[in-house]
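Undergrad: Mind looking at a prediction? Sequence and model below.
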Amino acid sequence: MSRSGSRKQRLGLLYRISYRIRWIMLHLFGPAQLGGGNDPLTRLKREREERLSKQDRG
């Protein structure tokens, strides 16, 4: 199994569902374009990567 597949399995089902819902809502109803530090989609992806890296370390 690939590394990304195993990382996905470590995230809880509820978290994955809520991430997808937030991503869709931000994609459809979020602001048009913002800088990298202010973009909510970028922030959402960064928070997810932080969560995954915490699980890799712990």
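TA: Received it, and whenever you're ready, just let me know what you need.
Undergrad: At which residues are the helices of the chain located?
TA: Taking DSSP state H, the helices of the chain run over residues 3-10, 13-29, 40-57.
Undergrad: and the angle from the longest one to helix 13-29?
TA: Computed with axes from the mean of the first three to the mean of the last three Cα atoms, to 10 degrees, the direction of helix 40-57 lies at 160 degrees from that of helix 13-29.
Undergrad: so where is the chain shaky, pLDDT-wise?
TA: 1-9, 58 (pLDDT under 70).
Undergrad: can you put the helices of the chain in a markdown table and add mean neighbour count?
TA: Quick note: C-beta positions are derived from backbone N, CA and C, even for glycine. As requested, those are arranged in a markdown table below (neighbours: other Cβ atoms under 10 Å):
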| stretch | mean neighbour count |
| --- | --- |
| helix 3-10 | 10 |
| helix 13-29 | 11 |
| helix 40-57 | 12 |
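Undergrad: my guess is residue 52 contacts residue 15, does it?
TA: No. Using Cβ atoms under 8 Å, residue 52 is not in contact with residue 15, being 10.6 Å away.
Undergrad: if I look at those two, which residues touch both of them?
TA: With Cβ atoms under 8 Å, 6 or more residues apart in numbering applied, the contact sets of residue 52 and residue 15 do not overlap.
Undergrad: Now do the same contact list for residue 19.
TA: 11, 44, 48.
Undergrad: Please identify which of those residues is nearest to residue 33.
TA: Taking Cβ to Cβ as the measure, residue 33 lies nearest residue 44 of these, at 15.4 Å.
Undergrad: what sits against the closest one?
TA: Contacts of residue 44 by Cβ under 8 Å, 6+ apart are 19, 22-23, 26.
Undergrad: for residue 23, same thing?
TA: 41, 44.
Undergrad: Over to residue 11?
TA: Listed by Cβ under 8 Å, 6+ apart, the contact partners of residue 11 are 19, 51-52, 55.
Undergrad: please redo it, this time with the cut-off set to 10 Å
TA: 19, 48, 51-52, 55 (Cβ atoms under 10 Å, 6 or more residues apart in numbering).
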